[in-house]
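*Asks:* Sequence and predicted model, in that order:
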Amino acid sequence: EDQVTQSPEALRLQEGESSSLNCSYTVSGLRGLFWYRQDPGKGPEFLFTLYSAGEEKEKERLKATLTKKESFLHITAPKPEDSATYLCAPQGEGAGNNRKLIWGLGTSLGVNP
Amino acid sequence: KAGVTQTPRYLIKTRGQQVTLSCSPISGHRSVSWYQQTPGQGLQFLFEYFSETQRNKGNFPGRFSGRQFSNSRSEMNVSTLELGDSALYLCASSLDHYGYTFGSGTRLTVV
């Protein structure tokens, strides 16, 4: 059965204190893994898509990496505006054209000034 | 370019009533997916429409239904509302499995 687990559930950092968020997954026929950021009361905002093990992508203070079993979202020198819930969603290859995203519960990140 | 538009933003309904939510995707996107989000369950997939056809369906009761029009706009309907249906309902549009853009959601409260 396809599964995804994100850890930690919540994380509080001081401004400038770097850390990593983890997304462990078991998905048949991985087609891609998506990272999103979600602010309270809003829809998720797209950050990255990773397609194969070894791939890395960066955007400002964020870097996402992918292995065959995990993805990491590294946050370097975070700022208070990075506070949000970060969601990962691997996409499996369903029958025919039925690819589905399997969503983790997210990591709630708070950054203190 | 305009993003994904969901209406209404907020809705309060009484148990037993029905509700219709609307989603206008990004121009050119033919896929629209719907999700229910609650604090304890996270994002739960409802269904996906592509070119007016339901392509994928999650594990929700038949009270939840949807449709897509020829202009790719989509609606979802929930009949016989229950208290547990209170949630943020999100739709996401994509070209076809590549890069999903979400709307701001409709916050449904059932009293």
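*Replies:* Sure thing, it's come through.
*Asks:* Could you pull out the strands in chain B for me?
*Replies:* Assigned by DSSP state E, chain B shows strands spanning B:5-7, B:10-13, B:19-24, B:31-38, B:42-50, B:53-57, B:64-68, B:74-78, B:87-94, B:101-102, B:106-110.
*Asks:* right, so of those strands, which gets closest to A:Tyr51?
*Replies:* strand B:87-94 (15.3 Å; C-beta to C-beta). To be clear about C-beta, it is placed using only N, CA and C from the backbone, and glycine gets the same treatment.
*Asks:* mean confidence score for that closest one?
*Replies:* The predicted model assigns strand B:87-94 a mean pLDDT of 96.
*Asks:* With mean neighbour count added, can I get the strands of chain B in TSV?
*Replies:* Shown next, in TSV, are the strands of chain B (neighbours: other C-beta atoms under 10 Å in any protein chain shown):
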stretch	mean neighbour count
strand B:5-7	16
strand B:10-13	13
strand B:19-24	20
strand B:31-38	22
strand B:42-50	21
strand B:53-57	15
strand B:64-68	19
strand B:74-78	21
strand B:87-94	24
strand B:101-102	20
strand B:106-110	18
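*Asks:* and whatever helix or strand A:Val111 lives in with chain B, contact?
*Replies:* Here A:Val111 is covered by strand A:107-112, with elements defined by DSSP states H and E. No: Strand A:107-112 stays clear of chain B (C-beta under 8 Å from any C-beta of the partner chain), getting no nearer than 10.6 Å.
*Asks:* Now that strand: buried residues?
*Replies:* Of all the residues in strand A:107-112, those buried under the rule 16 or more other C-beta atoms under 10 Å in any protein chain shown are A:Thr107, A:Ser108, A:Leu109, A:Val111.
*Asks:* Ok, stretch A:81-97 next?
*Replies:* A:Asp82, A:Ser83, A:Ala84, A:Thr85, A:Tyr86, A:Leu87, A:Cys88, A:Ala89, A:Pro90, A:Gln91, A:Gly92.
*Asks:* Using PDB, write out the CA atom coordinates for it.
*Replies:* Taking Å, rounded to 0.1, in the frame of the first residue of the first chain, the C-alpha atoms of stretch A:81-97 are listed here in PDB:
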ATOM      1  CA  GLU A  81       8.300  34.400   6.800                       C
ATOM      2  CA  ASP A  82       9.300  30.800   6.200                       C
ATOM      3  CA  SER A  83       6.800  29.800   9.000                       C
ATOM      4  CA  ALA A  84       4.200  27.500   7.300                       C
ATOM      5  CA  THR A  85       3.200  23.900   7.000                       C
ATOM      6  CA  TYR A  86       5.300  22.000   4.500                       C
ATOM      7  CA  LEU A  87       3.600  19.200   2.600                       C
ATOM      8  CA  CYS A  88       5.100  16.500   0.500                       C
ATOM      9  CA  ALA A  89       3.200  14.300  -2.000                       C
ATOM     10  CA  PRO A  90       4.700  11.500  -4.000                       C
ATOM     11  CA  GLN A  91       2.800  10.600  -7.100                       C
ATOM     12  CA  GLY A  92       2.400   6.900  -8.000                       C
ATOM     13  CA  GLU A  93       1.700   5.300 -11.300                       C
ATOM     14  CA  GLY A  94      -1.900   4.100 -11.100                       C
ATOM     15  CA  ALA A  95      -3.600   1.900 -13.700                       C
ATOM     16  CA  GLY A  96      -3.900   3.600 -17.100                       C
ATOM     17  CA  ASN A  97      -3.700   7.300 -16.600                       C
END
